[in-house]
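[1] predicted structure and sequence below. I'll ask about it afterward.
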Amino acid sequence: MMSFLDSTKNKILNSNNYNLLLPLLIFLAFFLSVYLAIQSEEKSTFPEFATDAFTFTAWINAGEDYLKDHYKWITRLIASYVKVGYYGFEDFLLDSSWLFVAALMIIPSFMVGGLRLAILFIFGIYFWGAVDMWDPAMESMALMGLSVLLSVIVGVFFGVLCSQSDRFESALKPLLDTMQVMPAFVYLIPAMFFFGIGAAPAILATMIYSMPPIIRLTNLGIRQVPNETIETAKSFGSTKTQTLFKIQIPLALPSIMMGVNQTIMMALALIVLATFIGAQGLGAEIWIAIRKLDVGYAMEGGLCVLLMAIMFDRFGKALSTETKTLPSESQKFYLLPQEWEIYPAAKMLEKPLNIIHSIFEITFKFTIGFFAFLANKIISVINADYGESISRFFNNHFYFFSGILILYFISLYDSVGSGIGQFPESWTLSIREPIESSVQWLTINPTFIAFTKGLRAYVTIYLMRPLDMYLTFTPWWYVMSAFVIISWVSVGLRFAVVSAFLLLFIAACNIWTQAMITLSSVMISVFFCFIIGVPIGILASYSKRFQNINEVILDAMQTLPYFCYLIPVLMFFGGGVVSALIATIIYSIPPIIRLTVLGLSQVSLTYSEVSKSFGGTTMQTLSKIKFPLAVPSLVMGFNQTVMMAFAMQIVTPLIGGKGLGKEVFAGLARSDTGRALAAGIGICLLAIIIDRISLAYTKKQRDALGL
């Protein structure tokens, strides 16, 4: 039946009459919806008999009460073990001298990413101490470190199981999809009620939120190992377990390391939000500052989070990047990009670094070689071969053991000597006063006041209020029908039925109005992302210098957890729905810029040359050739922008946002888990529907272009 209806749909869509009537049908449907919205005297709501019968929130709350009454002892037992691990890690970081902790992070960064990454870590660590946020940074480090460790252990285990069983992978895939689409804040609600408040629920919620990437990429990496390699191992008598641990997992390490990187970034994003269930760290400092309207202190905390995110993002990328072997005649660059080797000035600047590196390398090799020699002599008394292998292992990993020696001597000096103590007060700095002074100056500047008031008025009167009224006053059955028809045309009948059930769930939970307000906010945010992001992407695709600057900014924007975007918006625009909209735009705009650049850059130069040969101007080439060919990338950018805009809805209520995000906070404040979970699921379901529709459209465009 479904295949017959889909084939009938395809015949209708491919007919010439349909293509001519399509604009007219869209216009008539829109006109009818406007008429229905105007005729409605109040906001559209789902029938009471349905919302009264579908008591989803009551079911969730009853289930929660049952689980708390019967299984609370298990969850609290798990939480107690997690607390022990967290407090041990936190005490280690807080009680150790700042120099020891700094060396503990700088040495691995130097070993993995070289001098450039080590300098980044030095600057970030210095900034934490300089703005007097060392302890909150260490608390966040403890939360993130334990969360990532547990996520990687459990995630790799499930990833391996997925790679070995297609049935297990198929069963786990819907769960992973839901985990990745669900707004991060929603994870904190059940975690709080099952595991209490504080670090334990924050760590366990972070585990659930950040595990999907490591599971997916472990599975992908193992499955991408060539069959020829596996068959060769089997032909030599290797068992399935030996093949897995000695061949598949080692070859999949780059993919697994990429999963670790993604896990770190997702963990950091949720750790900042975990302040709402009692977790300490930088997130708590930022939230306290926002509540006090202390924008200077909030900005310092936000910059600490930004630096932490960039540092560990670069560290994760360095772990997943394969080391490149340089030609023997090339000079290795430690600070500048290796591509600058063609410039004599760059070579001259790098020469002292080469000399210093050689001195340190010889010193470390000699020191570790001495210990390797002693170990060889001692162990050879028992087993000569084992002593030789131990000596070889020491010499091959002299950087690693040199780092351990450095850490040992720092610890020895701190405990036996005069002591290193806390971060030096003479090194502190503060950017709070300049920031606060600038904000105060702007708040009384007539031009800035006029600009912000005008922007607020324009967006509210001409965009937000009309669209909110249009979506909330249009009958629910009409909006639902429109979504179902679009789903059917774009994806297929099966997904149209799924969309209908998902929308009925939202309506039956009695959150239809809030869902339409959220949809309105997302639509306006995406609209502004397009009119701002696409021109920036076009400019970056035509200017390499601008693109390089643009990449640095976008990297920082995509690395920063979305909670921190509230700070600059609050500084310049205060609270309110317009401020929430601006924060959403800032957070959601990077994908459309990146994918605009990607789409235009991937268009073959041959097309541009042909256009120019026929007298086409740059604008004509862009609008008539490059843009049509870049449509799949633009639609993918739309897809990613929409998903990020939906994710932002969960935190915008902190500065005045409305819709489903506000319902989540209201449910959390009233200890109404069912209501909060229903609102969070509502955001997730809207995102899924639009995601599938846009992905289907992208596929059609790629097929039409033969890509």
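    Ah, there it is. Worth saying up front: this structure is predicted, and the values here are computed from it rather than measured.

[2] how close does residue 401 sit to residue 314?
    Distance, residue 401 to residue 314, by Cβ to Cβ, to the nearest Å: 25 Å. Every C-beta, even on glycine, is put in place using the N, C-alpha and C of the backbone.

[3] what sits against residue 568?
    Shown in contact with residue 568 (Cβ atoms under 8 Å, 6 or more residues apart in numbering): 299, 302, 586.

[4] which SSE is it in?
    Take DSSP states H and E as the rule and residue 568 turns out to sit in helix 566-573.

[5] so what secondary structure elements neighbour the helix or strand following that helix?
    As assigned by DSSP H and E, the chain's next helix or strand after helix 566-573 is helix 577-601. Taking 3 or more Cβ pairs under 8 Å, 6 or more residues apart in numbering; DSSP states H and E as contact, the helices and strands that helix 577-601 lies on are helix 512-542, helix 544-559, helix 566-573, helix 631-648.

[6] wait, which of the ones you listed is closest to residue 174?
    Evaluated with Cβ to Cβ, the helices and strands packed on helix 577-601 place helix 631-648 nearest to residue 174, the distance being 17.4 Å.

[7] tell me which helix or strand comes right after the closest one.
    helix 660-669.

[8] angle of that following helix against helix 631-648?
    Between helix 660-669 and helix 631-648, the angle comes out at 30 degrees (axes from the mean of the first three to the mean of the last three Cα atoms, to 10 degrees).

[9] how far away from the center of its chain is stretch 70-83?
    When C-alpha coordinates are averaged (Cα atoms, centre = their mean, to the nearest Å), stretch 70-83 and its chain have centres 29 Å apart.

[10] oh sorry, the question was meant for stretch 357-375
    Distance, centroid of stretch 357-375 to centroid of chain: 41 Å (Cα atoms, centre = their mean).

[11] just stretch 532-550 next, same as before
    Distance, stretch centre to chain centre, for stretch 532-550: 23 Å (Cα atoms, centre = their mean).

[12] now do stretch 609-616
    For stretch 609-616, the distance to the chain centre is 42 Å (Cα atoms, centre = their mean).

[13] C-alpha coordinates for it, CSV please?
    Coordinates of each C-alpha in stretch 609-616 appear next as CSV, following Å, rounded to 0.1, in the frame of the first residue of the first chain:
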residue,chain,number,x,y,z
GLU,A,609,36.2,29.9,-16.9
VAL,A,610,33.5,29.0,-19.4
SER,A,611,31.2,31.6,-17.9
LYS,A,612,33.9,34.3,-18.2
SER,A,613,34.6,33.3,-21.8
PHE,A,614,31.0,33.9,-22.7
GLY,A,615,31.2,37.4,-21.0
GLY,A,616,29.6,36.5,-17.7
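
[14] before we move on, the earlier item: now the helix holding residue 568 against helix 577-601, angle please.
    Interaxial angle, helix 566-573 versus helix 577-601 (the same axes, to 10 degrees): 120 degrees.

[15] now do the buried residues in helix 566-573.
    The neighbour-count check on helix 566-573 (16 or more other Cβ atoms under 10 Å) flags 566-573 as buried.

[16] in stretch 494-502, what's buried?
    Residues of stretch 494-502 classed as buried: 495-496, 498-500, 502 (neighbour count, 16+ other Cβ under 10 Å).

[17] per-residue pLDDT, the residue positioned nearest the centre of the chain?
    The residue lying closest to the centre of the chain (Cα atoms, centre = their mean) is residue 266, at 5.1 Å. As predicted, residue 266 sits at a pLDDT of 81.

[18] what do you get for residue 103?
    Taking residue 103 on its own, its pLDDT is 91.

[19] please apply the same query to residue 6.
    We have a pLDDT of 57 for residue 6.

[20] quick one: low-confidence parts of the stretch 351-500 of the chain?
    By pLDDT under 70, the weakly predicted segments of the stretch 351-500 of the chain are 417-419.

[21] host element of residue 448?
    helix 446-458.

[22] beyond that helix, next helix or strand please.
    On the C-terminal side of helix 446-458, the closest following helix or strand by DSSP H and E is helix 465-473.

[23] pLDDT weak spots in the stretch 1-150 of the chain?
    1-20.

[24] of the helices and strands packed on helix 577-601, which stretch is the most buried?
    Among the helices and strands packed on helix 577-601, helix 631-648 has the highest mean neighbour count (mean count of other Cβ atoms under 10 Å), at a mean of 23.

[25] specify the angle between that helix and helix 544-559 in degrees.
    Using the same axes, to 10 degrees: helix 631-648 against helix 544-559 is 30 degrees.

[26] CA atoms only: put helix 631-648 into PDB for me.
    Taking C-alpha atoms only, helix 631-648 is exported to PDB below (Å, rounded to 0.1, in the frame of the first residue of the first chain):
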ATOM      1  CA  VAL A 631      22.600  24.200  -3.300                       C
ATOM      2  CA  PRO A 632      23.200  20.700  -1.700                       C
ATOM      3  CA  SER A 633      25.900  22.300   0.600                       C
ATOM      4  CA  LEU A 634      23.700  25.300   1.400                       C
ATOM      5  CA  VAL A 635      20.800  23.000   2.300                       C
ATOM      6  CA  MET A 636      23.100  20.900   4.500                       C
ATOM      7  CA  GLY A 637      24.200  24.200   6.100                       C
ATOM      8  CA  PHE A 638      20.500  25.000   6.700                       C
ATOM      9  CA  ASN A 639      20.100  21.600   8.300                       C
ATOM     10  CA  GLN A 640      23.000  22.100  10.700                       C
ATOM     11  CA  THR A 641      21.900  25.600  11.500                       C
ATOM     12  CA  VAL A 642      18.400  24.500  12.300                       C
ATOM     13  CA  MET A 643      19.700  21.700  14.600                       C
ATOM     14  CA  MET A 644      22.000  24.100  16.500                       C
ATOM     15  CA  ALA A 645      19.200  26.700  16.800                       C
ATOM     16  CA  PHE A 646      17.000  24.000  18.400                       C
ATOM     17  CA  ALA A 647      19.800  23.100  20.800                       C
ATOM     18  CA  MET A 648      20.100  26.700  21.900                       C
END
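
[27] residue most distant from the centroid, the chain?
    What lies farthest from the middle of the chain is residue 381; by Cα atoms, centre = their mean that is 54.1 Å.

[28] of the contacts of residue 568, closest to residue 620?
    Residue 620 has its nearest neighbour among the contacts of residue 568 in residue 586, at 32.9 Å by Cβ to Cβ.

[29] let me see the contact set for the closest residue to that closest one other than its chain neighbours.
    Nearest residue to residue 586 in three dimensions, chain neighbours excluded: residue 565, at 5.4 Å (Cβ to Cβ, 6 or more residues apart in numbering). By Cβ under 8 Å, 6+ apart, the residues touching residue 565 are 583, 586-587, 648.

[30] farthest-apart pair in those, please.
    Between any two of these, the greatest separation by Cβ to Cβ is 9.1 Å, found for 586 and 648.

[31] still on that earlier bit, skipping its backbone neighbours, what lies nearest the residue farthest from the centre of the chain in space?
    residue 387 (8.0 Å).

[32] got the contact list for whichever helix or strand the one you found is part of?
    In the assignment (DSSP H and E), residue 387 maps to helix 384-396. Residues from elsewhere that reach helix 384-396 (Cβ under 8 Å, 6+ apart): 365, 368-369, 371-373, 375-381, 401.
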